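Asks: next comes the sequence, and after it the predicted model I'd like to discuss.
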Amino acid sequence: MKSKQRKSEELASLKAKVPKSKITVFTSFSPSTDSGRAKTGEKGLSVAQMTELKRLLRSMHSEYLVTKKTLIDRAFKGAKHEGLDVYGMEGSIGLVLGEDDPYLVAKKVYEFSRKNQALHFWGAVMDGKFIGPDGFLEIAKMPSKEVLIGRLLGMLTYPMRGLAVALSEVAKTKTN
């Protein structure tokens, strides 16, 4: 059990980190059924998996914290995030505090969860708003910025390429 002083230090640290975070992802790192209860015989993230997740996040100037729900609730108390109910989240809660590109952080955490089934999402706070698990997964599954730019470029050049091919075919028929 943590001492009162240790809890207040942890709360102060959390309150300092939350405003700097561009995205805060609420996770559960233990397996659960739809009712939120752990399945018999299943284990959560191992120490090695947790270390791998923390290392992945550190490379993106982000971090993974596990702390008490009371401290999380108090850290988010000042800023009202509609729909955020820390106590409604079953089990132990881990926080991904992302200071890097929020879409990249969401994508990497999602990719990690695909390999490690014990990591589940309760939602995220992004741009001062709480997004539920479905909204978070939508963001995490979005293609990267580079892919979207490539698709846009392809869509913009397609009509011009089509016109060039059509004119080329017309020119071939005229010369024959």
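Replies: Great, that's in hand. Numbers count the residues shown, from 1 in each chain.

Asks: switch to C-alpha atoms for all contacts and neighbour counts from now on
Replies: Will do.

Asks: domain map for the protein?
Replies: 4-142, 144-176 (automatic domain parsing).

Asks: show the end-to-end separation of stretch 52-64, please.
Replies: 11 Å (C-alpha to C-alpha, to the nearest Å).

Asks: show me the residue at the heart of this protein, geometrically.
Replies: Ala106 (2.5 Å; C-alpha atoms, centre = their mean).

Asks: mind listing what's buried in the helix or strand where that residue lies?
Replies: Using DSSP states H and E, Ala106 falls within helix 102-115. Residues 102-110, 112-113 are the ones in helix 102-115 that count as buried (16 or more other C-alpha atoms under 10 Å).

Asks: for it, packing partners?
Replies: Helices and strands touching helix 102-115, by 3 or more C-alpha pairs under 8 Å, 6 or more residues apart in numbering; DSSP states H and E, are strand 23-28, helix 47-58, helix 133-141.

Asks: among the ones you listed, which comes closest to Ala118?
Replies: Closest to Ala118 of the helices and strands packed on helix 102-115 is strand 23-28 (C-alpha to C-alpha; 7.7 Å).

Asks: list the strands paired with that closest one, with their directions.
Replies: Sheet pairing of strand 23-28 (DSSP bridges) gives strand 94-98 (antiparallel), strand 120-126 (antiparallel).

Asks: ranking these by burial, who's on top?
Replies: strand 94-98 (a mean of 24; mean count of other C-alpha atoms under 10 Å).
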